[in-house]
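A.B. asks: coords please:
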Amino acid sequence: MNCMEYYHDENMEETFEDLQQPKTLEELGLSYFFVRDLVLKIMLTYGTLRSRE
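C.D. replies: Okay, here's the model as predicted:
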């Protein structure tokens, strides 16, 4: 299942489309708190995150 299948809200779909290319938070129009809460929710749901360098 990909993100687009999970989220049906048009705003979330637009956000995921925007996130496919690297951008700054300012360019995306996302607040620090939104991103922080999103990362915390992902960690609670899926556990420890691994990042690629």
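A.B. asks: and the strand or helix carrying residue 26, what does it pack onto?
C.D. replies: Assigned by DSSP states H and E, residue 26 belongs to helix 25-28. Contact analysis of helix 25-28 by 3 or more C-beta pairs under 8 Å, 6 or more residues apart in numbering; DSSP states H and E lists helix 10-19 as its packing neighbours. Any C-beta I mention is one placed from the backbone N, CA and C, and that applies to glycine too.
A.B. asks: what mean pLDDT does the helix it packs on get?
C.D. replies: The average of the pLDDT scores along helix 10-19 is 76.
A.B. asks: what comes into contact with the helix holding residue 26?
C.D. replies: Residues from elsewhere that reach helix 25-28 (C-beta atoms under 8 Å, 6 or more residues apart in numbering): 15, 18, 19, 31, 32, 35.
A.B. asks: ok, longest helix in the chain?
C.D. replies: Counting by DSSP state H, the longest helix found in the chain is helix 32-46.
A.B. asks: most neighbours among the contacts of helix 25-28, which one is it?
C.D. replies: residue 15 (17 neighbours; other C-beta atoms under 10 Å).
A.B. asks: that one and residue 45, how far apart?
C.D. replies: Counting by C-beta to C-beta, to the nearest Å, the gap from residue 15 to residue 45 is 17 Å.
A.B. asks: same deal with residue 16?
C.D. replies: Residue 16 is 16 Å from residue 45, by C-beta to C-beta.
A.B. asks: in terms of neighbours, single out the busier of those two.
C.D. replies: residue 16 (14 against 7).
A.B. asks: distance check, that one against residue 38.
C.D. replies: 11 Å.
A.B. asks: could you do residue 26 as well?
C.D. replies: For residue 26, the distance to residue 38 - C-beta to C-beta - is 16 Å.
A.B. asks: more neighbours: which of these two?
C.D. replies: residue 38 (12 against 7).
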